[in-house]
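Trainee: heads up, no residue letters with this:
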């Protein structure tokens, strides 16, 4: 309403008597309230900046130091060792009637106390940073914590006991260390050994040795220098060269999706669901702006870096011919909405007040009821964001740089986020295996023009009230959007609620100004570019095969009884499934996080190891053989391996016993867990090699080793989805309030993309993607292999599924 009034706040007409000005008092009132709200936000930011800057100190602790110093002076005790007197002598004398010796004494005490207080804060911060640089606790066995680690944990708790704000720990987090070149090269060679025969491995070993001895030392010096100067030596280059410089479509190739609760539903009313969810999202944004969200803590004591949350809202990826940029605004008071080929601007505030859920529901219902048709070229406009980046950049510059097109595009790009109102319905029906996959496909790419793929995220609402997200990847990784999604779904369900008829609580206010329809003037040349981008996007979307399923036999509960890490269990099962699917192993990518370091993002865990391949091969041989119980186990050397491996250990058991397989599995699991911990603690392989490659390009140095490493395809790209980062409810009490995670497209044309969520004690969700154009892959076939591999590994330990 405020914005509608602002449009006519100032009117003037030219008459023979001069210029006649007319002002709207109501509009001025709302402008005034908006200005007050902006100043409130500025003051909150200033206050938070001060409180964050002095953490773990506080204004109260400063007052205590001052009072202690004053008290000691009245007791004739000089705890300053003469510094207070020195400061008093340095202060000017005779500056007015109120500038008495007592005033000078109090001011000198305050100055001294402030200095002591700031030195204490600096000391505590440096001590906390030193403590957080210790990662030995990660490598200790569960239940076998050393005395040193226990003392370390007590010290960390003491130094971070005061209630922290979201960014309180940022300056206390250690920097990501640069690994030594020999260590990285050794770990790299170890990771590719199972995939290469002796001849190929020897060639790679020689390349690595030449790189380590001749090229790497000079590159490493520049990297170490950057690590001293920059906050994080990886993150800025990773964002620019992996994401923003990519010229292929964001849809499928980069963006990923997140699913709603799939086993329960609060309402079938599309607009009502959006009313509560959008309101909850803006509540989260308000907490984010005020830094009232608690930092994510590992083990409840080790803080994770929160910097990625800064660009969650009001962020858009702007296309460029050579590289994109991320445009982030400090605030936005509206959302952009797409429905039936039309774009709308829906205000979130009235003056300085956030609209209630019932008012937001009414606004979204007005969009749904709007009968106006799309303008020429408007319906498929978002296909520009789904096609090639260069084409979109050229079209943006040619057709959207002025006039009404620029104003309408600004309304979308400057929105808090994008909302898509779909006319089709999707949900998960456990009796219909294909329903979850169709739901995932709709979230991943829709019809290629009903998602704005450049926005930080698009909130998608289907006709039956089911929701989901499509998220741009450059600004943050999946756990960040997962944190928002957990808060939003928990707030909607347990705090906002619905009426018996499925509407938001409260009464709507019809006097609110309706959503604003965006106006476009899209010429035929631009429509041709839109159509071209749509055809590119449609071909890409049609080529994606997505198979999503819920694994019901067991979950984390049974895996724990096997005394292994749930993630290692699933990763080894993926190796077994892939070998059964393709008859060979491949380079495998698992995403790990490095958020224990400042501005850390991800690192790669190379899950295909010599230990896991030995286990897989033994399992395959066992399944092929039918042997009498009294036969003895025989060991046979393997033939030479071929590229992407057909045999990957020096020995294979032709008739292994279960005990042998259990031993091989435990070795593979232990290896995987150790690699995961190394990646999390900054001792990974791929980010270091990537940065060395970037330095080599800057210096114009050619490295055959780095060129080959960076060109290796990831034919199996995997990721575990984080859950329960915040405890909005007890999952044991509400077992059906379960999200199904999310997924992404395949990284390689002839590979698989696999994401999985170990959803509690009794189930696991899988999202598997591949391409129809590849004759070697089939997502559903691979999913069936994963299902069987999980059962086969669990059977090794003979744990009853009923006991899980």
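Mentor: The structure has been received and is ready for your questions. Note that the coordinates shown come from a computational prediction; the quantities given were computed from them, not determined experimentally.

Trainee: Now do the strands in the stretch 501-650 of the chain.
Mentor: 516-517, 544-551, 588-593, 602-606, 635-637 (DSSP state E, counting those that start in this stretch).

Trainee: so what strands line up beside the longest one?
Mentor: Strand 544-551 has the following strand partners under DSSP bridges: strand 764-771 (antiparallel).

Trainee: Pull up the distance across stretch 678-686, start to finish.
Mentor: Start-to-end span of stretch 678-686 (Cα to Cα, to the nearest Å) is 12 Å.

Trainee: Contacts for it next, please.
Mentor: Contacts with stretch 678-686, where a contact means Cβ atoms under 8 Å, 6 or more residues apart in numbering, come from 135, 138, 176-177, 179, 183-184, 187-188, 191, 592-594, 596-597, 603-606. For glycine as for every other residue, the C-beta is placed from the backbone atoms N, C-alpha and C.

Trainee: Kindly supply the PyMOL command isolating those of these that are buried.
Mentor: Those of these that count as buried under 16 or more other Cβ atoms under 10 Å are selected in PyMOL with:
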select buried, resi 135+138+176+179+184+187+188+191+592+593+594+596+597+603+604+605+606
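
Trainee: and the residue nearest to residue 240 when sequence neighbours are not counted, what does it touch?
Mentor: Excluding the flanking residues, the one nearest residue 240 by Cβ to Cβ, 6 or more residues apart in numbering is residue 323, at 6.8 Å. Each residue near residue 323 by Cβ under 8 Å, 6+ apart is listed here: 240, 244, 245.

Trainee: which residues does the closest residue to the second one other than its chain neighbours contact?
Mentor: Once flanking residues are discounted, residue 244 sits nearest to residue 324: 4.5 Å by Cβ to Cβ, 6+ apart. Going by Cβ under 8 Å, 6+ apart, residue 324 touches 243, 244, 245, 317, 318, 389, 474.

Trainee: Surely residue 293 and residue 166 touch.
Mentor: Yes. Applying Cβ atoms under 8 Å, one finds residue 293 in contact with residue 166, separated by 4.8 Å.

Trainee: and residue 172, what is it in contact with?
Mentor: Applying Cβ under 8 Å, 6+ apart, the residues contacting residue 172 are 125, 128, 129, 132, 303.

Trainee: List the ones among the residues you listed that fall in helices.
Mentor: 125, 128, 129, 132 (DSSP state H).

Trainee: any idea which residue sits dead centre in this protein?
Mentor: Centroid-nearest residue in the chain: residue 477, 2.2 Å away (criterion: Cα atoms, centre = their mean).

Trainee: For residue 591, see how far away that residue is.
Mentor: For residue 477, the distance to residue 591 equals 8 Å [Cβ to Cβ, to the nearest Å].

Trainee: okay, and the common contacts of these two?
Mentor: Common neighbours of residue 477 and residue 591 (Cβ under 8 Å, 6+ apart) are residue 602.

Trainee: that's a helix at residue 398, yeah?
Mentor: Yes. Counting by DSSP: H, G, I helix; E, B strand; the rest coil, one finds residue 398 located in a helix.

Trainee: That one: neighbour count?
Mentor: Neighbourhood size, residue 398 [other Cβ atoms under 10 Å]: 12.

Trainee: For the residue nearest to it when sequence neighbours are not counted, which residues are in contact?
Mentor: Leaving aside its sequence neighbours, residue 398 sits nearest to residue 526 (Cβ to Cβ, 6+ apart; 7.4 Å). Listed by Cβ under 8 Å, 6+ apart, the contact partners of residue 526 are 377, 395, 398, 399.

Trainee: Farthest pair within those residues?
Mentor: 377 and 398 (13.5 Å; Cβ to Cβ).

Trainee: quick one: average pLDDT of stretch 230-237?
Mentor: What stretch 230-237 shows for mean pLDDT is 95.

Trainee: Contacts for that stretch next, please.
Mentor: Residues contacting stretch 230-237 (Cβ under 8 Å, 6+ apart): 175-176, 178, 223, 226-227, 594, 597-601, 687, 690-691, 694.

Trainee: repeat for stretch 300-311
Mentor: Against stretch 300-311 from outside (Cβ under 8 Å, 6+ apart): 132, 153, 156-157, 160, 164, 166-167, 169-170, 172-173, 288, 293, 295-298, 326, 328, 456, 475-477, 480, 483, 593, 595-601.

Trainee: Next, the buried residues of the helix or strand where residue 112 lies.
Mentor: Assigned by DSSP states H and E, residue 112 falls within helix 101-132. Across helix 101-132, burial judged by 16+ other Cβ under 10 Å covers 104-105, 108-113, 116-117, 121, 124-125, 127-129, 131-132.

Trainee: chain center to that helix, what's the gap?
Mentor: 38 Å (Cα atoms, centre = their mean, to the nearest Å).

Trainee: and residue 556, what is it in contact with?
Mentor: 566, 758, 760, 761.

Trainee: Output the below-cut-off pLDDT ranges for the stretch 1-150 of the chain.
Mentor: 1-31, 33-34, 37, 94-99 (pLDDT under 70).

Trainee: one more time with 80, if that's ok
Mentor: Low-confidence segments of the stretch 1-150 of the chain, defined by pLDDT under 80: 1-42, 44-45, 47-59, 70-71, 73-78, 80, 82, 84-89, 91-105, 142-143.
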